[in-house]
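> Give me a 3D structure for the following:
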Amino acid sequence: MSTQRSIVICGGAFAGLALALAFRQGLGADIPVIVADPALAARPSRDPRATAIVAACRRLFEALGVWDQIAADSQPILDMVVTDSRLEDATRPVFLTFAGDVEPGEPFAHMVENRRLIDALVARAEAEGIDLRATAVSSYDSRPHGVTVTLADGNVVEASLLVAADGARSRLRERAGIATHGWDYDQSGIVVTVGHERDHHGRAEEHFLPAGPFAILPLTGKRSSLVWTESRKEAARITALGDAEFHEELEKRFGLHLGEIKALDRPRAFPLGYFVARSFVAERLALVGDAAHVIHPIAGQGLNMGLKDIAALAEVVVDAARLGIDPGQADVLERYQRWRRFDTMAMGVATNSLNFLFSNESSLLRTVRDIGLGLVDRAPPLKSLFIKQAAGLSGEVPRLLKGEAL
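Numbers count the residues shown, from 1 in each chain. Take a look at the predicted model:
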């Protein structure tokens with residue numbers, strides 16, 4: 001039966017591995033799940049970056065049996081402050097603060113180091129008997145009743161569904177002929193881990209500077225992860241500086257409120273842009289994560305949107321399979337697309353608007369946004385709504401994001 005064929009996931013990062021675990025939980029061992037990615041050979045992970053995991057996605061990892069493995073190494077974000085200033089300003093007045101839990105004892109987000117989360121996902125996948133292959137998907141041939149997937153190591157797999165979780169430059173998306181629409185921001189995000197003398201007490205900071213947001217996100221210990229937006233040209237200049245010159249640029253933006261600071265790794269710059277695939281599905285193919293959409297990091301929602309994709313896709317596939325419906329057929333995949341595409345477009349519009357509003361030198365826009373931030377800060381119901389939205393708990397929430405098993 002076609003429903004007993006394998007499901008192949010191309011991409012072994014957060015989205016691909018979490019999706020594999022969700023399929024195994026909901027479908028059992030009768031339907032083989034294969035994750036193919038050459039990067040699976042490079043273990044343990046050495047990814048130096050860190051990611052904000054919002055409350056809904058933490059619940060997903062808890063439901064998949066992964067969160068307990070990383071909880072001790074995660075840093076809850078207990079509150080957040082937002083400032084708006086110029087680089088040369090002597091003070092940075094706070095216009096907006098967020099504090100409180102989405103539920104008693106549940107912070108709205110945690111910071112997790114990427115390498116720890118990837119390693120925990122791989123270990124859980126191995127324990128669940130998921131077939132991890134350190135190779136790429138080289139080609140595939142979709143037909144009405146199945147898809148033949150050819151791997152780079154020469155193996156051929158007959159599958160009911162192929163999932164593209166292979167990133168922003170998805171080869172599977174390109175092979176399917178799915179176009180994207182969007183644009184380049186001519187900005188880069190500089191990422192670096194910083195050690196500091198004083199404790200951050202779980203506080204995150206978002207400083208809106210004319211070049212873009214400068215986010216200080218707390219890690220375990222006296223460390224923070226920075227996501228620092230600059231123009232593409234300026235980011236290239238800053239990341240090429242020597243240690244002393246880079247420290248000077250860093251201190252201008254970070255300040256000394258946490259005492260002396262020191263970069264703990266080399267800064268790296270990533271180009272920023274916005275795009276959304278014109279379709280999230282094709283025949284026997286579903287796009288998830290960065291293969292389907294890339295947004296500006298100004299709201300810190302990129303990875304979390306990808307995890308929403310996998311929670312929605314897993315739910316529609318599992319529900320279909322339990323009814324004896326082929327999980328790769330068109331109407332099943334179309335349900336996934338309807339669920340996720342509107343939310344993705346709405347988030348894209350929001351992040352584009354925020355980037356335009358805050359990444360500029362306009363005195364008029366600065367006055368307007370500061371008034372707006374001040375009004376929000378004085379309206380507790382509105383702040384609660386924003387926290388719920390940021391935590392991923394608004395709208396039609398898939399079961400996994402509620403912490404419910406499939």
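
> ok, then the element right after the lengthiest strand in the chain?
Using DSSP state E, we find that the single longest strand of the chain is strand 180-196. Going down the chain from strand 180-196, the next helix or strand is strand 203-209, by DSSP states H and E.

> Please name every helix or strand in contact with the longest strand of the chain.
Applying 3 or more CB pairs under 8 Å, 6 or more residues apart in numbering; DSSP states H and E, one finds that strand 180-196 contacts strand 212-219, strand 223-231, helix 232-239, helix 243-254, strand 261-263, strand 268-277, helix 330-358. In this view, the C-beta of every residue, glycine as well, is placed from N, C-alpha and C.

> Can you lay out those as TSV showing mean neighbour count, distance to V397 and mean pLDDT?
Shown next, in TSV, are the helices and strands packed on strand 180-196 (neighbours: other CB atoms under 10 Å; distance: least, CB to CB, whole Å; pLDDT from 0 to 100):
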stretch	mean neighbour count	distance to V397	mean pLDDT
strand 212-219	24	24	93
strand 223-231	23	26	95
helix 232-239	16	36	97
helix 243-254	14	36	95
strand 261-263	17	38	97
strand 268-277	18	21	93
helix 330-358	17	10	83
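
> Look up how far V397 lies from S74.
Distance of S74 to V397, computed by CB to CB, to the nearest Å: 21 Å.

> Please identify which of the two sits among more neighbours.
Taking other CB atoms under 10 Å, S74 and V397 do not tie; S74 has more neighbours (22 against 16).

> who's in contact with that one?
Taking CB atoms under 8 Å, 6 or more residues apart in numbering as the contact definition, S74 lies against I53, H110, M111, V112, T220.

> sorry, back to before: which of the helices and strands packed on strand 180-196 sits closest to L287?
strand 268-277 (5.6 Å; CB to CB).

> and the angle from that closest one to helix 232-239?
Taking axes from the mean of the first three to the mean of the last three CA atoms, to 10 degrees, strand 268-277 and helix 232-239 form an angle of 150 degrees between their directions.

> who does strand 268-277 touch, helix- and strand-wise?
Secondary-structure packing of strand 268-277 (3+ CB pairs under 8 Å, 6+ apart): strand 180-196, helix 232-239, strand 293-294, helix 330-358.

> and if we set it to 10 Å?
strand 180-196, strand 223-231, helix 232-239, strand 293-294, helix 330-358 (3 or more CB pairs under 10 Å, 6 or more residues apart in numbering; DSSP states H and E).

> looking at the ones you listed, which is closest to E158?
Judged by CB to CB, the one of those that comes nearest to E158 is helix 330-358, at 18.1 Å.

> averaged over its residues, what pLDDT does stretch 319-329 have?
Across stretch 319-329, the average pLDDT comes to 94.

> Distance from the chain centre to it, please.
28 Å (CA atoms, centre = their mean, to the nearest Å).

> That stretch: end-to-end distance?
13 Å (CA to CA, to the nearest Å).

> Buried residues in it, which are they?
Of the residues in stretch 319-329, D319, A320, A321, D326, P327, G328, Q329 count as buried by neighbour count, 16 or more other CB atoms under 10 Å.

> Beyond the host helix or strand of E126, next helix or strand please.
E126 is located in helix 114-127, with elements delineated by DSSP H and E. Downstream of helix 114-127, the first helix or strand assigned by DSSP H and E is strand 131-133.

> tell me what that following strand is packed against?
Using 3+ CB pairs under 10 Å, 6+ apart, the elements in contact with strand 131-133 are strand 6-10, helix 14-27, strand 33-36, helix 114-127.

> So which of these is nearest P297?
Closest among those, once you apply CB to CB, is helix 114-127, at 14.0 Å.

> pLDDT on that closest one, on average?
Mean predicted confidence for helix 114-127 is 96.

> Output it in CSV with nothing but the alpha carbons.
Extracted C-alpha coordinates of helix 114-127, given in CSV (Å, rounded to 0.1, in the frame of the first residue of the first chain):
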residue,chain,number,x,y,z
ASN,A,114,22.3,25.4,18.3
ARG,A,115,24.9,22.7,18.8
ARG,A,116,23.2,21.3,21.9
LEU,A,117,19.8,21.2,20.3
ILE,A,118,21.0,19.6,17.1
ASP,A,119,22.9,16.9,19.1
ALA,A,120,19.9,16.2,21.3
LEU,A,121,17.7,15.9,18.2
VAL,A,122,20.1,13.5,16.5
ALA,A,123,20.4,11.4,19.7
ARG,A,124,16.6,11.2,20.0
ALA,A,125,16.2,10.3,16.3
GLU,A,126,18.7,7.5,16.6
ALA,A,127,17.0,6.2,19.8
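
> Kindly calculate the angle that that helix makes with strand 223-231.
For helix 114-127 against strand 223-231, the angle by the same axes, to 10 degrees is 110 degrees.

> what comes up buried for stretch 83-94?
Buried-residue list, stretch 83-94, by 16+ other CB under 10 Å: T83, D84, S85, R92.

> brain fart, stretch 123-135
Neighbour count says stretch 123-135 has R124, A125, E128, I130, D131, L132, R133, A134 buried, by 16+ other CB under 10 Å.

> repeat for stretch 19-38
Neighbour-count burial for stretch 19-38, counted by 16+ other CB under 10 Å, picks out 19-27, 31-37.
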